[in-house]
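pasting the sequence and the predicted model now:
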Amino acid sequence: MNIGVCKVRLRLPENQSLKGKRQVVKSIIQRVKNKYNVSIAEVDEQDIWQIIVIGISCVSESAQHCNEVLSKVVDFIEKTRLDVEILDYELEILHAL
């Protein structure tokens with residue numbers, strides 16, 4: 001069993017409130033959940049208006065499949081949300097028994 005974990009750090013350059021940030025976060029999470037079979041949540045920097053940190057995970061028999069799914073999620077966020085910019089992301093595949 002392989003567990004893929006991805007931490008994505010995004011920036012909202014035009015955002016001016018936590019309310020605006022929450023709307024964007026909810027939209028991203030809902031769209032990703034609808035399109036991909038992954039777990040996703042905001043995991044850090046909840047009180048900073050212009051920074052979003054999202055954690056994404058998936059489980060598969062294949063490490064390659066985990067990598068592909070998580071990479072597609074990052075690409076999906078980048079292509080569908082033109083109002084956010086991806087600052088960086090970390091992707092890790094863990095092997096479990």
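Yep, it's here.

for residue 70, grab the count of nearby residues.
23 (other C-beta atoms under 10 Å). For the C-beta atoms, the positions are set from N, CA and C on the backbone; glycine is no exception.

for the protein, what spans make up the helices?
Assigned by DSSP state H, the chain shows helices spanning 18-35, 63-80.

highest average neighbour count across these?
helix 63-80 (a mean of 16; mean count of other C-beta atoms under 10 Å).

would JSON lines of the helices of the chain with distance to residue 8 be doable?
Shown next, in JSON lines, are the helices of the chain (distance: least, C-beta to C-beta, whole Å):
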{"stretch": "helix 18-35", "distance to residue 8": "9"}
{"stretch": "helix 63-80", "distance to residue 8": "6"}
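
closest one to residue 42 among those helices?
helix 18-35 (5.2 Å; C-beta to C-beta).

what angle separates that closest one from helix 63-80?
130 degrees (axes from the mean of the first three to the mean of the last three C-alpha atoms, to 10 degrees).

out of the helices of the chain, which gets nearest to residue 9?
helix 63-80 (11.0 Å).

kindly export the closest one (C-alpha atoms) in PDB.
The C-alpha trace of helix 63-80 is given here as PDB (Å, rounded to 0.1, in the frame of the first residue of the first chain):
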ATOM      1  CA  ALA A  63       3.400   4.600  -5.900                       C
ATOM      2  CA  GLN A  64       3.300   5.800  -9.500                       C
ATOM      3  CA  HIS A  65      -0.500   6.100  -9.400                       C
ATOM      4  CA  CYS A  66      -0.300   8.200  -6.200                       C
ATOM      5  CA  ASN A  67       2.200  10.500  -7.900                       C
ATOM      6  CA  GLU A  68       0.200  10.900 -11.000                       C
ATOM      7  CA  VAL A  69      -3.100  11.600  -9.100                       C
ATOM      8  CA  LEU A  70      -1.500  14.200  -6.900                       C
ATOM      9  CA  SER A  71       0.400  15.900  -9.800                       C
ATOM     10  CA  LYS A  72      -2.900  16.100 -11.700                       C
ATOM     11  CA  VAL A  73      -4.600  17.700  -8.700                       C
ATOM     12  CA  VAL A  74      -1.900  20.400  -8.500                       C
ATOM     13  CA  ASP A  75      -2.200  21.000 -12.300                       C
ATOM     14  CA  PHE A  76      -6.000  21.100 -12.000                       C
ATOM     15  CA  ILE A  77      -5.800  23.800  -9.300                       C
ATOM     16  CA  GLU A  78      -3.300  25.800 -11.300                       C
ATOM     17  CA  LYS A  79      -5.400  25.700 -14.500                       C
ATOM     18  CA  THR A  80      -8.900  26.200 -13.000                       C
END
